[in-house]
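# got a predicted structure here, sequence first:
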Amino acid sequence: MFNDMIPTYREMFTICAIAFLCLMSGSHSAPLECEDLVKALDQLDSRHLEGRWALVSGGFSDPELLELFKHRNSSSINVSFFPGTSDISYTPTVEAGGKCFSQPYNVSVEGSILTFDAQYQINLTVTFIYTSCPDCLVMRYDTETKKVQRLFLFSRRREVEQNEMDEFRAQVKCLKMSPPVVLDPTKELCPEQSVEIKEKQ
């Protein structure tokens, strides 16, 4: 009877194989989840993208940029497409110290990636990544060396739901950044400026 309790070589091999597969499955579950969370969108919907978006939260890999970010009270972007092209006018606006700062940029769009016109000498690439929030944008800013510099959460609303914020926090964590800073939704945005978009020559 005692001998019957001793597993055979074949049984030992089966047990080890199953254990190995379980370990492999467990070790890959977290990276796969992150892979989905930070996956770039296949294509942008221009109708969804156009208009004004309030910045809700930001995550950074650079402590200096993080400290600068903390000095702003509110921020937004305004996106308009040039007629007949896939290029856009991208205008970020920041309120800090009681003053509003705004600068329009011409940006080219390819798939889910924005590239700044060379005239601005901005060595950043912006990629739109996954979000389950229906009225949000999550934008990843990468340097020339492909290093992720920051991750921003924008929304049509000033404040998102807890589960939407938790998802963004998870995305920031996946990219190995410091915990995101959430802007105060009670702080007013700068007045929206009317910008006339003419056909590019």
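Happy to help now that I have it.
# next structured bit after the least confident helix or strand in the chain by mean pLDDT?
Least confident element among the helices and strands of the chain, by mean pLDDT, DSSP states H and E: helix 9-37 (a mean of 51). Heading C-terminal from helix 9-37, the first helix or strand you meet, by DSSP states H and E, is helix 46-49.
# local confidence estimate at residue 110?
Looking at residue 110, its pLDDT is 89.
# got it, and residue 194?
So, for residue 194, pLDDT stands at 46.
# next: residue 65.
pLDDT, residue 65: 93.
# nearest spatial neighbour of it, chain-adjacent residues omitted?
The shortest distance from residue 65 to any non-neighbouring residue, by C-beta to C-beta, 6 or more residues apart in numbering, is to residue 150 (6.4 Å). The C-beta positions use only the backbone N, C-alpha and C, and glycine is treated the same way.
# what does residue 66 give?
The shortest distance from residue 66 to any non-neighbouring residue, by C-beta to C-beta, 6+ apart, is to residue 60 (4.1 Å).
# the one you found reaches residue 69, doesn't it?
Yes. Contact criterion C-beta atoms under 8 Å: residue 60 and residue 69 qualify, at 6.6 Å.
# show me where this protein has its strands.
Ranges of strands in the chain, per DSSP state E, are 51-60, 74-81, 88-96, 99-102, 105-110, 113-116, 124-129, 136-143, 148-155, 181-182.
# can I get those strands in TSV with mean neighbour count?
Putting the strands of the chain into TSV (neighbours: other C-beta atoms under 10 Å) gives the following:
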stretch	mean neighbour count
strand 51-60	21
strand 74-81	19
strand 88-96	19
strand 99-102	13
strand 105-110	15
strand 113-116	18
strand 124-129	17
strand 136-143	19
strand 148-155	22
strand 181-182	15
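# distance to residue 33 for these - can I get that in TSV?
TSV is the format used below for the strands of the chain (distance: least, C-beta to C-beta, whole Å):
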stretch	distance to residue 33
strand 51-60	17
strand 74-81	28
strand 88-96	31
strand 99-102	38
strand 105-110	28
strand 113-116	23
strand 124-129	14
strand 136-143	16
strand 148-155	16
strand 181-182	23
